[in-house]
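> This is a predicted model, with the sequence first.
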Amino acid sequence: MNAQQNFLQAVLDDIDLFNQQDPNIQLDEQGDSLPKELLYGQRMSAMLEQFGGDELALQIAARAQHIGRWLSPRSDYPEGKKGYLQWRKDLGSKHAQLCCEILDKHGADGELQQQVTKLLTKHGIKRDPLVQALEDVICLVFLRYYFEEFAAKHDDDKVVDIVRKTWAKMSERGQQHALTLPLSESSLALVQKALNIS
């Protein structure tokens, strides 16, 4: 590996090491129990590789998208949309802070830290191609790995609304990639209903 690859691997390893502290456990596709945000970060990286995006800042931000999320639970904020939006905003800042601490440890320059912060705080979505690529990957990971569980907990009208909102966040390339995901029959039917396709 060259110096940049060594640097990237060291940063990703430290992000994983931090996320191994997550007390929440989920099963992966093989039935193995893993810390929830460790698994999420690895799924983000795998989806980014499928989707296409080899920029250094993007690879780091994808892995760090949920770094330390368990430290800032939704229950710490008021109910309702205003509380939710503040929680999401604060999360982005917290993820960026934790990731930049790791980057600083590995000698990353200020420019890279600024790029990663911009990505993790979603600054410039729909205008900046890298921020949009990260958003696409976030949506793809949700549809691929978390949508079915979400759909099982909510009525169809709410699920259809969420699919439409998710679709609106994505680029056309992201939307096309989403249609190739290996969704279950029930999940695919809900997506098709939301998009008025058959």
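The structure has been received and is ready for your questions.

> Nearest to the middle of the protein, which residue? Look it up for me.
In the chain, the residue lying closest to the centroid (C-alpha atoms, centre = their mean) is Ile138, at 3.7 Å.

> can you pull the contacts of that residue?
Residues counted as contacts of Ile138 (C-beta atoms under 8 Å, 6 or more residues apart in numbering) are Met44, Gln65. Placement of C-beta: from N, CA and C, glycine included.

> Now do the helix or strand in which it is found, average pLDDT.
Secondary structure from DSSP states H and E places Ile138 in helix 129-141. Averaged over helix 129-141, pLDDT sits at 97.

> can you list the domain ranges for the chain.
When the chain is parsed with automatic domain parsing, its domains come out as 1-123, 135-198.

> Any chance you could list what contacts the lengthiest helix in the chain?
The helix that spans the most residues within the chain, counting by DSSP state H, is helix 81-105. Contact with helix 81-105 is made by 11, 14-15, 18, 60-61, 64-69, 71-72, 74, 76-78, 108, 112-113, 116-117, 120-122, as judged by C-beta under 8 Å, 6+ apart.

> how about the helices of the chain, start to end?
For the chain, the helices defined by DSSP H cover 3-19, 36-51, 56-63, 81-105, 110-120, 129-141, 147-153, 156-169, 172-178, 185-195.

> Reformat those as a markdown table; add distance to Ile25.
As requested, the helices of the chain are exported to a markdown table (distance: least, C-beta to C-beta, whole Å):
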| stretch | distance to Ile25 |
| --- | --- |
| helix 3-19 | 12 |
| helix 36-51 | 6 |
| helix 56-63 | 19 |
| helix 81-105 | 20 |
| helix 110-120 | 24 |
| helix 129-141 | 18 |
| helix 147-153 | 14 |
| helix 156-169 | 25 |
| helix 172-178 | 28 |
| helix 185-195 | 23 |
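
> can you tell me which of those comes nearest to Gln26?
Minimum separation from Gln26 across the helices of the chain (C-beta to C-beta) falls at helix 36-51, 4.7 Å.

> Could I get the average pLDDT for the closest one?
Averaging pLDDT along helix 36-51 gives 98.

> Cool, thanks, talk later.
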